[in-house]
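Student: A predicted structure for the sequence below; I have some questions about it.
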Amino acid sequence: MLEPALLPTPLVDCTDAALARAGVELRLKRDDLLHPTVPGNKWRKLAPNLAAAVEQGHTRLLTFGGAYSTHLRAVAVAAAALGLTSVGLVRGEELADRPRNWSLRAAEDAGMELAFLSRAEYREATGRGGTDTTDGLQRRWGPCLVLPEGGSNALAAMGAAAIPAELPDLGTHDVVCCPVGTGATLAGIAAGLPPGARALGVAVLRGGAGYLEGEVARLHRAAYGREFGNWRIDHGHHGGGYGKVPAELADFADSFERRQGIALERRYVAKLLAALYDLAAAGAFPQGTRLTAVVTGLPDPA
Ligand SMILES: Cc1ncc(COP(=O)(O)O)c(C=O)c1O
């Protein structure tokens with residue numbers, strides 16, 4: 001078990017005139033405070049996978065990520081904390097000979113062995129080519145537990161289901177909200193809700209409509225053997241695409257930080273909050289709705 005710094009994570013009210021005008025309440029579920037180096041949804045998704053790895057006698061974890069992947073850093077740190085070795089397969093063979101950026105350096109400093117793959121090799125290795133590559137990866141890297149990109153599998157969704165379980169008194173006026181990258185966090189939140197409460201995900205990538213809904217439903221079937229009807233994904237607030245932070249979003253984040261005294265991760269958390277303000281102002285939530293936004297991560301180091 002990777003010891004959390006704080007569990008359950010705090011739930012804080014976020015009073016704001018703009019939301020009050022829309023008849024909406026907002027609370028922040030401060031999962032960013034869960035662990036300093038495996039924060040937010042990284043800890044929620046990895047904890048059950050790490051427990052399974054240890055129980056199954058694995059000594060090595062292998063996973064995938066891009067040049068600035070929070071998931072790679074989190075796996076590197078978590079593996080080291082549990083005495084496991086780790087391998088990170090990084091998208092982009094051109095990165096191999098360049099000086100390491102801060103994120104890959106942090107993964108290496110935590111003990112992760114990095115290997116750099118071309119886009120085509122990466123696609124194949126992550127299974128997006130349509131074939132299960134676990135055997136091939138184990139032949140190349142030795143016995144290891146292969147974690148998917150973003151750590152998003154059935155166990156990860158079950159880990160995220162603990163988030164609503166930490167929210168008391170959820171009912172029909174509650175909407176629990178999170179950003180959506182792969183959909184595992186949203187899948188877990190929806191599965192963990194009591195009857196009547198609903199989940200809302202905000203897609204941070206462009207062009208994911210249909211695909212992301214399919215991913216959430218697939219994770220639900222894999223983890224719970226059924227689908228759930230209590231969630232939806234908003235696709236109108238991706239800000240131009242994954243990793244894009246348009247000036248308007250940056251201004252929103254700066255102003256929110258000043259007013260609420262919390263540092264916001266920009267690619268996921270700020271997009272989520274900006275979307276909620278926008279939807280509230282547009283009357284998308286009935287009067288009396290209580291929104292709980294899950295703060296799923298920490299800002300990058302300066
Ligand atoms: C801070 C943060 N929030 C949300 C997400 C998206 O979570 P998921 O991939 O489970 O949809 C990520 C990526 O994993 C993330 O780093």
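Tutor: Thanks, I have the structure now.

Student: ok, now which ones touch the closest residue to residue 94 other than its chain neighbours?
Tutor: Sequence neighbours aside, residue 116 is the residue nearest to residue 94 in space, at 7.8 Å (criterion: C-beta to C-beta, 6 or more residues apart in numbering). C-betas here are computed from N, CA, C, even on glycine. By C-beta atoms under 8 Å, 6 or more residues apart in numbering, residue 116 lies in contact with 90, 92, 93, 94, 95, 96.

Student: As JSON lines, these with distance to residue 49 and pLDDT would be great.
Tutor: Formatted as JSON lines, the contacts of residue 116 follow (distance: C-beta to C-beta, whole Å; pLDDT from 0 to 100):
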{"residue": "90", "distance to residue 49": "20", "pLDDT": "98"}
{"residue": "92", "distance to residue 49": "25", "pLDDT": "97"}
{"residue": "93", "distance to residue 49": "27", "pLDDT": "96"}
{"residue": "94", "distance to residue 49": "30", "pLDDT": "97"}
{"residue": "95", "distance to residue 49": "26", "pLDDT": "96"}
{"residue": "96", "distance to residue 49": "27", "pLDDT": "96"}
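
Student: Select from those residues the one having the most neighbours.
Tutor: residue 90 (22 neighbours; other C-beta atoms under 10 Å).

Student: Just the element for it, please.
Tutor: strand 85-91 (DSSP states H and E).

Student: near the ligand, which residues of the stretch 51-200 of the chain?
Tutor: 70, 71, 150, 152, 179, 180, 181, 182, 183, 184, 185, 186 (C-beta under 6 Å from any ligand atom).

Student: before we move on, back to that, let me know the secondary structure of the residue nearest to residue 94.
Tutor: strand (DSSP: H, G, I helix; E, B strand; the rest coil).

Student: And it, how close does it get to residue 147?
Tutor: 18 Å (C-beta to C-beta, to the nearest Å).

Student: Counting by contacts, list what the strand holding residue 90 packs against.
Tutor: Counting contacts by 3 or more C-beta pairs under 8 Å, 6 or more residues apart in numbering; DSSP states H and E, strand 85-91 is packed against strand 60-65, helix 70-81, strand 113-117, helix 119-125.

Student: Quick check: residue 44 touching residue 186?
Tutor: No - Residue 44 is beyond contact range of residue 186, at 11.8 Å (criterion: C-beta atoms under 8 Å).

Student: Need the residues touching each of these two.
Tutor: residue 160.

Student: quick one, strands of the chain?
Tutor: Ranges of strands in the chain, per DSSP state E, are 11-13, 24-29, 60-65, 85-91, 113-117, 145-146, 174-180, 198-203, 231-234, 289-294.

Student: any chance of those strands in TSV, plus distance to residue 102?
Tutor: Formatted as TSV, those follow (distance: least, C-beta to C-beta, whole Å):
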stretch	distance to residue 102
strand 11-13	29
strand 24-29	27
strand 60-65	14
strand 85-91	14
strand 113-117	14
strand 145-146	26
strand 174-180	22
strand 198-203	27
strand 231-234	31
strand 289-294	26
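
Student: Mind checking these for the one nearest to residue 248?
Tutor: strand 198-203 (15.3 Å; C-beta to C-beta).

Student: Could I get the CA-only coordinates of that closest one as CSV?
Tutor: Output in CSV follows, covering the C-alpha atoms of strand 198-203 (Å, rounded to 0.1, in the frame of the first residue of the first chain):
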residue,chain,number,x,y,z
ARG,A,198,-25.2,12.1,-11.0
ALA,A,199,-21.7,12.4,-12.4
LEU,A,200,-20.5,14.9,-15.0
GLY,A,201,-17.1,14.6,-16.8
VAL,A,202,-15.5,17.4,-18.8
ALA,A,203,-13.5,16.1,-21.7
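
Student: who does it pair up with?
Tutor: Partners of strand 198-203 in the sheet, by DSSP bridges, are strand 174-180 (parallel), strand 231-234 (parallel).
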